[in-house]
Structures are given as C-alpha cells and as structure tokens.
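Peer 1: Starting from these lines, generate the structure:
(2 chains)
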Amino acid sequence: DGGITQSPKYLFRKEGQNVTLSCEQNLNHDAMYWYRQDPGQGLRLIYYSQIVNDFQKGDIAEGYSVSREKKESFPLTVTSAQKNPTAFYLCASSNLGRYGYTFGSGTRLTVV
Amino acid sequence: AQSVAQPEDQVNVAEGNPLTVKCTYSVSGNPYLFWYVQYPNRGLQFLLKYITGDNLVKGSYGFEAEFNKSQTSFHLKKPSALVSDSALYFCAVRATPYNTDKLIFGTGTRLQVFP
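Peer 2: Numbers count the residues shown, from 1 in each chain, chains lettered A, B, ... in the order given. Here you go, the predicted structure:
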C-alpha cells in the first residue's frame, strides 16, 4: 500500500545535539511538508518542498534544516539552535493540484 | 492575512446527538477548505474537502460540512455522534497565492462524545 512513513516514532535528544527525523513516501507525490504540533497551537509549518533539490521556509524555520535529494524523501534536522524542540512533528505530502495532504503518523521528540 | 479560526477548544456531545464543530476562515479569493481528524499520537486523517460546487460536502465516517460564503464558515457536522468520533479535529484552508498546495490549519477542536 502507498503511504508516508515517519521514523522513529519517539526520539530523545540531549541538550546541544542535532537530530534527524526521517520522512519517506511512496505515493509519487511532488510536494512534501514538515509541521510542528504543540498543544493549543495547532500545526505550524516548518519547511516545505515542491520539487527535488528545492525547498522553502515556513513560518517557524529557525533552528531547523531540511534536504530534498530524492522525490521520496524529506528529512528534517532539528539543530541545537532550536531552543524548544520538544513537540510532535508531522510530515505530509501532496500531489500538486490534487488538493489536500496525506500525513505520516508523526515523531514525538523530547529533550532530556 | 490568511487564517483559520476554530473558536471552540472542546465540544462535548452525548452519543446519538447531532454534533457541530465550527470553523471560520479568512482568505482572498475562492477558498479551498478541508477537515482532518487526529487520534492520539497519530497523524491527521482526511475527512472531506470543499473546492467548488455544492455547499454541502459529504465525507468519511458520516461527516459532512457546509460551506457558507457570506459567513466565511465551513462547519463540520454529523447527525448522530458516536463515542468513537472522540478525537481532535482540524480545519484548514489552502494558502494563497495558489502556486503551492500549502495549507493553513486552525488550532484544533477536541470533540468528546459521552456514552
């Protein structure tokens, strides 16, 4: 079955560490997105990419980085510059012009 | 500025009663509107969307939503609530300019259905 896979499901980061969250899709979707979810704040866009080797900052890109070397993959790195990284991270993909997202099951990142 | 508002943090309803989860939007041009549902520690699942056409849109699990242009609203409804409908519901609008599929999400409404 086609879908979008995020790993790991749970991730723990020490202060000062960079960590990378994986997002892979086999839907042949053009666009991919990273959102951060915090209680009471809904989903906030971190980065998105509409085509391989190109990506744009969202509303809260500071302290995060991404790459899009393959159509199927859009990893997110949470750097040590992100001061409050504890959150639930959601990856999504869409077929441009078809409207609406398919979401992964999320990664819960906790700073210890 | 483009935005989506979900004015209720939580909606409580008894099983078997009708439910409404409210959403209003602000976007220039014709809106593309969506509802998603999220169960604990899971990603969001698509429920329904309005792009054009009939103002009443039917979606998954017996949910429907009514687009009201004059009130800039897209409220989610179900005639008879189930305990299993208890979840977090998000309204979203496609951002303009329309050269991307970016969605702007509301803050979510927690629906609690009591037996």
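Peer 1: So the most centrally placed residue in chain A: helix, strand or coil?
Peer 2: Central residue of chain A (CA atoms, centre = their mean): residue A:34, 3.1 Å from the mean position. Here residue A:34 is strand, with the state taken from DSSP: H, G, I helix; E, B strand; the rest coil.
Peer 1: Look up which helix or strand the spatially closest residue to it that is not a sequence neighbour falls in, please.
Peer 2: In space, and not counting its chain neighbours, residue A:34 is closest to residue A:46: 4.3 Å by CB to CB, 6 or more residues apart in numbering or on different chains. Backbone N, C-alpha and C define where each C-beta goes, glycine included. Assigned by DSSP states H and E, residue A:46 belongs to strand A:42-51.
Peer 1: helices or strands up against that strand?
Peer 2: Where contact means 3 or more CB pairs under 8 Å, 6 or more residues apart in numbering or on different chains; DSSP states H and E, strand A:42-51 is packed against strand A:31-38, strand A:54-57, strand A:64-66.
Peer 1: buried stuff in the next helix or strand after the last one?
Peer 2: Moving toward the C-terminus from strand A:64-66, the next helix or strand (DSSP H and E) is strand A:76-78. By neighbour count with 16 or more other CB atoms under 10 Å in any protein chain shown, strand A:76-78 contains the buried residues A:76, A:78.
Peer 1: Indicate whether the helix or strand that strand A:76-78 is followed by makes contact with chain B.
Peer 2: Per DSSP H and E, the first helix or strand lying C-terminal to strand A:76-78 is strand A:87-94. Yes. Against chain B, strand A:87-94 shows contacts by CB under 8 Å from any CB of the partner chain at A:88, A:90, A:92, A:94.
Peer 1: pLDDT wise, what is the closest residue to the third one other than its chain neighbours at?
Peer 2: Right, the one you point to is residue A:92. Leaving aside its sequence neighbours, residue A:92 sits nearest to residue A:101 (CB to CB, 6+ apart; 4.0 Å). Here, the pLDDT recorded for residue A:101 equals 90.
Peer 1: so residue A:101 sits right up against residue A:94, yeah?
Peer 2: Yes. Here residue A:101 reaches residue A:94: they are 5.0 Å apart, a contact under CB atoms under 8 Å.
Peer 1: For the two, indicate the residue with more neighbours.
Peer 2: residue A:101 (26 against 23; other CB atoms under 10 Å in any protein chain shown).
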